[in-house]
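>>> using only what follows, build the 3D model:
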Amino acid sequence: MLEPRSKPRSSSPTLALLLTIIAWGLTTLPTPDEAHAWEGQLWAGAGLNNTLAPAPSALGRWGPGLQLGANLQLGDFWKVGVDLSASYHPAQVEGEDSFQSLVVSAAALEARYALDVFTYIPYVGLAGVFYPTGPTSERAPNGERLGLRATLGADYRYSRTRSLGVAFDIHAPMTAPQNFPLYAGVRAYFAWHFRTF
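Reported below is the predicted structural model:
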């Protein structure tokens, strides 16, 4: 006489739980579009700028400056940006030499490489600069018109939509980049971040 076949056991609760966790994990992984979403950044800053000629000494002539800019992140590390800046350098008299006040204004297009994987985000940038009222030099006493700018900076991303940053800029004439520094600045800024899509 044949014994009745035993009923198959139901799946183990542990296995069911494991499969549920794996399925949930796969559905919550970011899609490629989300991973490569472009991020925008608007920023405003203030700092000190130094025009090195004409100046009463090799230390140059310092003055206050303001900057406004926008960046667009193109991937995990690269950004492009535009910015506007202006600085005022007051008149000075040193002995028999007098130096008229000078306003330097600039518009820049920048490529930036940022290690955007930390709360603190260091970056380097290289920009082409147009000076509506340019820094003067011995070779351009009426002011340079085109220049190159190298930037070293860092952002502190304290929330998803805001950050604070500091940066150091150094400028050189585009037609004679070996004649640097032409103009330099240090700035602190506040930035607002947003997703473009």
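>>> please name every helix or strand in contact with the host helix or strand of Ser87.
Using DSSP states H and E, the element containing Ser87 is strand 78-89. Other helices and strands packing on strand 78-89, by 3 or more Cβ pairs under 8 Å, 6 or more residues apart in numbering; DSSP states H and E, are strand 39-51, strand 61-73, strand 102-114. In short, each C-beta sits where N, CA and C put it, glycine included.
>>> who does Phe190 form a beta bridge with?
For Phe190, the beta-bridge partners under DSSP bridges are Ala44, Leu164.
>>> OK, contacts around it?
Phe190 makes contacts with Trp43, Ala44, Gly45, Arg162, Ser163, Leu164, Gly165, as judged by Cβ atoms under 8 Å, 6 or more residues apart in numbering.
>>> how close does it get to Asp155?
Per Cβ to Cβ, to the nearest Å, Phe190 is found 10 Å from Asp155.
>>> burial count for Leu68?
Number of residues near Leu68 (other Cβ atoms under 10 Å) recorded here: 14.
>>> pLDDT wise, what is it at?
Per-residue confidence (pLDDT) for Leu68: 98.
>>> next: Phe118.
In this prediction, Phe118 carries a pLDDT score of 78.
>>> if we can go back for a sec, name the next helix or strand downstream of the strand holding Ser87, please.
Next along the chain after strand 78-89, taking DSSP H and E as the criterion, comes strand 92-94.
>>> tell me the buried residues in that next one?
Across strand 92-94, burial judged by 16 or more other Cβ atoms under 10 Å covers no residue at all.
>>> list the buried ones in the next helix or strand after that strand?
Counting by DSSP H and E, the element after strand 92-94 in chain order, helix or strand, is strand 97-99. Buried residues in strand 97-99, counted by 16+ other Cβ under 10 Å: Phe99.
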